[in-house]
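S.K.: build the 3D model from these lines:
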Amino acid sequence: SMMAVMRRLNDAFDALECSRPRGGFNPPELPDELHKIRGMLAFVENQMRNMQALFRSSRQRPHAINVKELLTKVVKIYSDAFKRNAIKVSIEEDGLPLRVKCTDAVLMQVFINLLDNSLYWLTVNALRKGESRQIKIVLDGDSNKFVYADNGPGIPEENRAYVFEPFFSTKDEGRGLGLYIARQLLMRSDFAIDFSSRREQLFAGRGVSFTVDFNSEEGSHE
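M.R.: Below is the predicted model of the structure:
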């Protein structure tokens, strides 16, 4: 993710500063270190450009959104990170295409928070023999829901009551706001996000699985 790259950039600058001699700065490894930093900056610039393009195109007023089309654009932002960490992403449709009356910005933020979490936990999670890292998303236009799941380490039962609360995080350097923000954004449109029921889970009880429900009393789906 971009935050991980930014942390590596800070580490690289710290390493250069620590290796700086008193009389000047020309260590033999300087060209290699500068090349690494240039590559990391190019990655961050490309990711920011993609995100700016998405947010520039988002409309402020709610409108009918094809969820698969928007989700595919957001997943593309992570394509390099997913490829580098051997994470496979599948987007499936069950029933009619899922269309929701909302704003692009709200749905993008929800997708980004979910994908950020998966990228972190799938990366720190040691693979079992013969197993691949996976994210699976099933969109159901008939029930106006989608299920988002990964086959990472999952969330312990004792923590499930707190994951949508602000500032709760088990990540290293985590702020604990991602799922809280996702729920708050969805609630403003009378939508909901929660852990999937046993029947809805995509990895047979393994990993983590969330269901986003776009049904509302006000009929906000189309």
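
S.K.: tell me who's in contact with the nearest residue to Asp94 once chain neighbours are set aside.
M.R.: Leaving aside its chain neighbours, Asp94 sits nearest to Asp140 (4.5 Å; criterion: C-beta to C-beta, 6 or more residues apart in numbering). For glycine as for every other residue, the C-beta is placed from the backbone atoms N, C-alpha and C. Counting by C-beta atoms under 8 Å, 6 or more residues apart in numbering, Asp140 touches Glu93, Asp94, Gly95, Leu98, Phe146, Val147.

S.K.: what about 10 Å?
M.R.: Listed by C-beta atoms under 10 Å, 6 or more residues apart in numbering, the contact set of Asp140 reads Glu92, Glu93, Asp94, Gly95, Leu96, Pro97, Leu98, Phe146, Val147, Glu200, Thr211, Phe214.

S.K.: same thing with Cys102?
M.R.: Taking C-beta under 10 Å, 6+ apart as the test, what Cys102 contacts is 62-65, 67, 70, 110, 185-186, 188-189, 191, 214, 220-222.

S.K.: okay, and which of the residues you listed map to strands?
M.R.: His63, Ala64, Ile65 (DSSP state E).

S.K.: touching, the first one and Lys101? I think so.
M.R.: Spelled out, that is His63. Yes: the pair His63 / Lys101 is scored as a contact, 6.8 Å apart, by C-beta atoms under 10 Å.

S.K.: which one's more surrounded, the two?
M.R.: Neighbour comparison, His63 and Lys101: the larger count goes to Lys101, with 16 against 13 (by other C-beta atoms under 10 Å).

S.K.: just checking, the more buried one is part of a helix?
M.R.: No: counting by DSSP: H, G, I helix; E, B strand; the rest coil, Lys101 is not part of a helix but strand.

S.K.: make a markdown table from the contacts of Asp140 and add pLDDT, secondary structure and neighbour count to it.
M.R.: Converted to a markdown table, these look like this (pLDDT from 0 to 100; DSSP: H, G, I helix; E, B strand; the rest coil; neighbours: other C-beta atoms under 10 Å):
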| residue | pLDDT | secondary structure | neighbour count |
| --- | --- | --- | --- |
| Glu92 | 96 | strand | 13 |
| Glu93 | 95 | strand | 15 |
| Asp94 | 92 | coil | 14 |
| Gly95 | 89 | coil | 13 |
| Leu96 | 93 | coil | 12 |
| Pro97 | 95 | coil | 12 |
| Leu98 | 97 | coil | 24 |
| Phe146 | 96 | strand | 25 |
| Val147 | 96 | strand | 20 |
| Glu200 | 86 | coil | 16 |
| Thr211 | 96 | strand | 20 |
| Phe214 | 96 | coil | 25 |
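
S.K.: need the max-distance pair from those residues.
M.R.: For the contacts of Asp140, the farthest-apart pair by C-beta to C-beta is Pro97 and Glu200; their separation is 19.1 Å.
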